[in-house]
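Engineer: Everything below, folded, please.
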Amino acid sequence: MTAKIGAETAVQSLEGWAVDPGEGDAIRRTFRFADFNAAFGFMTRVALMADKRDHHPEWFNVYDRVEVRLTTHDADGVTDKDVDLARFMNEVATAMGARA
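Structural biologist: Predicted coordinates:
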């Protein structure tokens, strides 16, 4: 099992991510793309990596927007797995021209 580091610690090293104000220890970010095709392409690239890492995001998509929430359920909070996946998402989003 991966050790819990907590959302507050995680967001200090992640551009664009915030502590999720909802229930539980989690981080969140909203990505915006040019259109639905770009948003879905982002989700596809992330889904392939998430499955490879056996660490899956909670997310929601409407047209050009992808809202993401990350937490490690086995650890009951944010771990390095979440930070690593968040960094990967940031890299993919930047490469795909996401906007804030």
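Engineer: Could you use CA atoms for every contact and neighbour count after this?
Structural biologist: Will do.
Engineer: quick one: buried residues of stretch 38-51?
Structural biologist: Under the neighbour-count criterion of 16 or more other Cα atoms under 10 Å, stretch 38-51 has 38-40, 42-43, 46-47, 49-50 buried.
Engineer: Which single one of these is nearest to Tyr63?
Structural biologist: Taking Cα to Cα as the measure, Tyr63 sits nearest to Ala39 out of those, at 7.2 Å.
Engineer: got a pLDDT number for the closest one?
Structural biologist: At Ala39, the predicted lDDT confidence score is 98.
Engineer: With Met1 instead?
Structural biologist: pLDDT, the model's per-residue confidence, is 65 for Met1.
Engineer: ok, back up a step: pick the one among the buried residues of stretch 38-51 closest to Met89.
Structural biologist: Relative to Met89, the closest of the buried residues of stretch 38-51 is Val46; by Cα to Cα it sits at 6.5 Å.
Engineer: What helices and strands are in contact with the strand or helix carrying that closest one?
Structural biologist: Taking DSSP states H and E as the definition, one finds Val46 inside helix 36-53. The helices and strands touching helix 36-53, judged by 3 or more Cα pairs under 8 Å, 6 or more residues apart in numbering; DSSP states H and E, are strand 65-70, helix 80-95.
Engineer: Tell me which of these sits most buried.
Structural biologist: Using mean count of other Cα atoms under 10 Å, the stretch among these with the greatest mean number of neighbours is strand 65-70 (a mean of 20).
Engineer: in its sheet, what does it sit against?
Structural biologist: Sheet partners assigned to strand 65-70 using DSSP bridges are listed as strand 27-32 (antiparallel), strand 58-62 (antiparallel).
Engineer: Just name the most buried of those.
Structural biologist: Neighbour counts averaged per stretch over those are highest for strand 27-32, at a mean of 21; criterion: mean count of other Cα under 10 Å.
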